[in-house]
Structures are given as structure tokens and as C-alpha cells.
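Asker: I'll drop the sequence and a predicted model, then ask my questions.
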Amino acid sequence: MKDIADIHSSDGSPSSSHQNPKSTAKWAASLENLLEDPEGVKRFREFLKKEFSEENVLFWLACEDFKKTQDKKQMQEKAKEIYMTFLSSKASSQVNVEGQSRLNEKILEEPHPLMFQKLQDQIFNLMKYDSYSRFLKSDLFLKHKRTEEEEEDPPDAQTAAKRASRIYNT
């Protein structure tokens, strides 16, 4: 079984703070922006892990991946994996959503791309109004933000023009 946690893991490229200055400003603008940025997802997952609620973002990511699945057999496999990992009473990373008891295994036989949408929306709202606001106040986020700001504006930075005017003081 594939690890659902690997769906949006970092692609091994250098930290996005070099590629995308001020990513923290985008993350702070909305949870949607945060979830669209692989580095943002990575940081948010780190935070949720510390809060013992990483399963929420993993479920949300798995549902996003599921909605993009075209192949019927693959869709059945992914639906079963999502159900067994997050929704079943024996789930290893059970998410707390209303109506999960109504989702029985019969629905997995005829999956459709939006079958988890209501549950995904519940988890999104839970993250948006609960963990996301705490994430924006967390040391993890604030340290990353400070690092970005320091990279953008090092304290000893001088423009070439200032250096030249000092050297060639004319």
C-alpha cells in the first residue's frame, strides 16, 4: 500500500524560500494558498504532527488526489484506501467528521470523483477555523517568515552604488 503521506511531499528541490520569496505572505493570505504550495503543505504537516492532527491534511490531500483519478479501477483502489485509512472505525488515521458512519463499504464499489467532497469540506473548515489560525501564530511559521525576511534583506547588504560611491568618493 502506498503511503498517503507521500502524495504532496517535497520533490527534493531546494527550499522554496529561494524560489518563491515571501511564500509565508501567501500562506498567511489563505489556507487555499498554503495548500497549493508544496513547501507550505510540508510546514503545515509538521505543525499538525505536533498537534496530533496531521490526519486532517493527509485526508484532504488524499481527496484532492482522488478527484483527479480517471481510471475506474484505480478510483476503486484509492476510494478503499481513503476509507480504510481515514474513515473506517478501524482506520489507522481516523478523521473526525460527521456522517462518516453513513459511508459504508458498499459505496466503494461504485466510486465517483466527488464521493468524499462533503467530508473533505468538513475537514477543510475544521483546519481553516482551527489549526490554520494556530499555525499562523506558531513558532514554526514565524521562524520560517523571519528566515525569509532575513534572506530578502540581509542587515549588512549594501548596494553596488553605495559601495562604489564610498570607494570612489568623488
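Answerer: Received, thanks. Residues are numbered from 1 along each chain as shown.

Asker: low pLDDT regions in this protein?
Answerer: Residues of the chain meeting the criterion pLDDT under 70: 1-21, 100-102, 104, 153-170.

Asker: nearest residue to the middle of it?
Answerer: Val41 (2.5 Å; C-alpha atoms, centre = their mean).

Asker: just list what the host helix or strand of that one packs against, helices and strands only.
Answerer: Using DSSP states H and E, Val41 sits within helix 38-50. Contacts defined by 3 or more C-beta pairs under 8 Å, 6 or more residues apart in numbering; DSSP states H and E place helix 38-50 against helix 16-19, helix 23-29, helix 31-36, helix 54-67, helix 132-137, helix 139-152. Every residue, glycine included, has its C-beta placed from N, CA and C.

Asker: measure the residue nearest to the centre of the chain to Asp130 for me?
Answerer: Here Val41 is placed at a distance of 17 Å from Asp130 (C-beta to C-beta, to the nearest Å).

Asker: next one: the helix holding Val41 to chain centre, how far?
Answerer: Taking C-alpha atoms, centre = their mean, to the nearest Å, one finds helix 38-50 lying 6 Å from the centre of the chain it belongs to.

Asker: only the buried residues of that helix, if you could.
Answerer: Within helix 38-50, the residues that qualify as buried are 39-41, 43-45, 47-48, counting by 16 or more other C-beta atoms under 10 Å.

Asker: okay, the helices and strands packed on helix 38-50 in CSV with distance to Ile107 and mean neighbour count next?
Answerer: Shown next, in CSV, are those (distance: least, C-beta to C-beta, whole Å; neighbours: other C-beta atoms under 10 Å):
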stretch, distance to Ile107, mean neighbour count
helix 16-19, 37, 14
helix 23-29, 34, 18
helix 31-36, 25, 18
helix 54-67, 13, 21
helix 132-137, 29, 15
helix 139-152, 37, 14
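
Asker: what's the closest of those to Gln94?
Answerer: Across those, Gln94 has its closest neighbour in helix 54-67 (6.9 Å, C-beta to C-beta).

Asker: need the next SSE after the closest one, C-terminal direction.
Answerer: helix 72-82.

Asker: which elements pack onto that following helix?
Answerer: helix 54-67.

Asker: now do the helix it packs on: which elements does it pack against?
Answerer: For helix 54-67, the packing partners by 3+ C-beta pairs under 8 Å, 6+ apart are helix 31-36, helix 38-50, helix 72-82, helix 117-126.

Asker: thanks a lot, see you next time.
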